[in-house]
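> Next come a sequence and a model predicted from it.
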Amino acid sequence: MGTVSAPKQDRSRATRQRLLEAAVECLAEHGWAGSTVSVVAERAGVSRGAAQHHFRTREDLFTAAVEYVAEQRLTALRNALVPVQLISGPARTYGAVQELVGLFTGPLFRAALQLWIAATNEEQLRARVTDLETRVGREVHRMAVELLGADERRPGVRETVQGFLDMARGLGLANLLTDDSARRERVVAHWEGVLRELLERPTS
């Protein structure tokens, strides 16, 4: 048997990418109930058969979409590490807080949330989504510590960083229904002060 030609492989990868991006958009806009393989295929500009060639079931498609979302979320955070790590002091803390809150208030988080909701009722999705979010949560926490320049060996630091991330997730939830930007700015400013005070506190 001959090998698959490079152009054909490239087209296949491009089709898969379009399907994943369309699935993410559908989840964010229509939720689980309104996101079917047919709807995603139409949005991606491919046939249903082509979609099912890449993803045998609806669960396969949307689990892959959430993995894609997770990687996009983590890539955005990794990219944010670079400029923030070049600064120090209050400006670094403020930049880190803004980047981390942005991770939970954008469309990628909205799409991931739709899959969490679906997973509460879909047994086939639940284990996959739970495992994925455990890995993502662990990586986000690690990068938050790195962004903030936090020393988790100090008492209270780990709990405060995790509390901040839980708060940021809550801001993302609040942002689903209304434009919560005004209140969010006040909350972000408060947490920036809390984190800065903790991180700058002299060790005893």
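Here it is on my side, so go on.

> Mind listing residues that contact the helix or strand bottoming out on mean pLDDT in the chain?
Sorting the helices and strands of the chain by mean pLDDT, DSSP states H and E puts helix 107-121 at the bottom, at a mean of 78. With contacts defined as C-beta atoms under 8 Å, 6 or more residues apart in numbering, helix 107-121 is touched by 24-25, 27-28, 31-32, 35, 62-63, 65-66, 69-70, 72-73, 76, 103, 125-126, 128-130, 133, 172-173, 176. In short, each C-beta sits where N, CA and C put it, glycine included.

> Now that helix: buried residues?
For helix 107-121, the neighbour count (16 or more other C-beta atoms under 10 Å) marks 108-115, 118-119 as buried.

> still on that earlier bit, what's the ChimeraX line that selects buried ones from the contacts of helix 107-121?
Filtering the contacts of helix 107-121 down to the buried ones (16+ other C-beta under 10 Å) takes a single ChimeraX command:
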select :24,25,27,28,31,32,35,62,63,65,66,69,70,72,73,103,125,128,129,133,172
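
> Just the contacts of helix 107-121: which are in helices?
Taking DSSP state H, the ones among those that sit in helices are 24-25, 27-28, 62-63, 65-66, 69-70, 72-73, 76, 103, 125-126, 128-130, 133, 172-173.

> hmm, back to that, got the CA coordinates for the least confident helix or strand of the chain in CSV?
The C-alpha trace of helix 107-121 is given here as CSV (Å, rounded to 0.1, in the frame of the first residue of the first chain):
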residue,chain,number,x,y,z
PRO,A,107,-15.4,32.6,24.4
LEU,A,108,-13.1,29.6,25.0
PHE,A,109,-14.2,29.3,28.6
ARG,A,110,-17.9,29.7,27.5
ALA,A,111,-17.5,26.8,25.1
ALA,A,112,-15.9,24.6,27.7
LEU,A,113,-18.6,25.4,30.2
GLN,A,114,-21.3,24.2,27.7
LEU,A,115,-19.6,20.9,27.6
TRP,A,116,-19.4,20.7,31.4
ILE,A,117,-23.2,21.2,31.5
ALA,A,118,-23.7,18.5,28.9
ALA,A,119,-21.4,16.1,30.8
THR,A,120,-23.6,16.3,33.9
ASN,A,121,-26.3,14.4,31.9
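
> Grab the nearest non-local neighbour of the most centrally placed residue in the chain.
Central residue of the chain (C-alpha atoms, centre = their mean): Arg73, 3.7 Å from the mean position. In space, and not counting its chain neighbours, Arg73 is closest to Leu108: 5.1 Å by C-beta to C-beta, 6 or more residues apart in numbering.

> any idea how far the one you found is from Gln17?
Separation of Leu108 from Gln17 (C-beta to C-beta, to the nearest Å): 15 Å.

> how close does the nearest residue to Gln72 once chain neighbours are set aside sit to Ala22?
Spatial nearest neighbour of Gln72, chain neighbours left out: Leu108 (5.4 Å); criterion: C-beta to C-beta, 6+ apart. Applying C-beta to C-beta, the value for Leu108 to Ala22 is 14 Å.

> and what of Ile117?
According to C-beta to C-beta, Ile117 and Ala22 sit 19 Å apart.
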